[in-house]
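Asks: please find the sequence and the predicted model below.
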Amino acid sequence: MTNRKAMKQKTLQLSFLAQTTDVNYRGTVHGGKVMKWIDEAGYALAAQYTGKYCVTKFVDDIEFKKPISIGDLVTVTATVLRLGSTSIRMHVSVASENLVEAERKDNCACDIVFVALDESGQKIPITD
């Protein structure tokens with residue numbers, strides 16, 4: 001069995017290409033799709049870091065700065081900011097890159113809080 005403390009990392013990064021199924025009628029990625037990616041990266045880091053099932057409690061101030069286009073390489077980076085008794089707060093940023101033109105854009109960022117839950121949906125303590 002692997003020691004969880006040895007595996008704990010405060011940052012997690014997901015990278016993938018924006019697909020045609022991700023876009024809106026203007027040909028850029030849906031804001032809701034970007035929010036889904038933020039939530040997925042946040043959950044992955046929260047679960048990996050705490051070793052618990054976690055759910056989104058709060059998302060703070062997402063500002064969409066620049067659009068993401070089909071074929072852009074999207075990188076979603078989640079970083080642990082603070083660990084509470086039952087919650088974990090992190091910062092998540094989204095950047096994209098047009099690989100042909102080597103143009104990189106910072107698309108958006110926000111803070112997000114996850115809480116750890118037991119099988120019955122009750123908050124449970126997180127230990128570091």
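Replies: That came through fine.
Asks: what is the rounded mean pLDDT of the longest strand along the chain?
Replies: Counting residues, the longest strand found in the chain (DSSP state E) is strand 103-116. The average pLDDT for strand 103-116 rounds to 97.
Asks: how far off centre is that strand?
Replies: 6 Å (Cα atoms, centre = their mean, to the nearest Å).
Asks: quick one: list the elements packing against that strand.
Replies: Judged by 3 or more Cβ pairs under 8 Å, 6 or more residues apart in numbering; DSSP states H and E, the packing partners of strand 103-116 are helix 31-50, strand 54-60, strand 73-83, strand 87-98. Every residue, glycine included, has its C-beta placed from N, CA and C.
Asks: any idea how far residue 10 is from the nearest residue to residue 104 once chain neighbours are set aside?
Replies: Leaving aside its chain neighbours, residue 104 sits nearest to residue 97 (4.6 Å; criterion: Cβ to Cβ, 6 or more residues apart in numbering). Applying Cβ to Cβ, to the nearest Å, the value for residue 97 to residue 10 is 24 Å.
Asks: who has more neighbours, the two?
Replies: residue 97 (16 against 12; other Cβ atoms under 10 Å).
Asks: what pairs with the more buried one across the strands?
Replies: residue 73, residue 104 (DSSP bridges).
Asks: any stretches of the chain with poor pLDDT?
Replies: Scanning the chain for pLDDT under 70 picks out 1-7, 128.
Asks: re the thing from before, could you check the angle the longest strand of the chain makes with strand 73-83?
Replies: Orientation of strand 103-116 against strand 73-83 (axes from the mean of the first three to the mean of the last three Cα atoms, to 10 degrees) gives an angle of 40 degrees.
Asks: nothing else from me, thank you.
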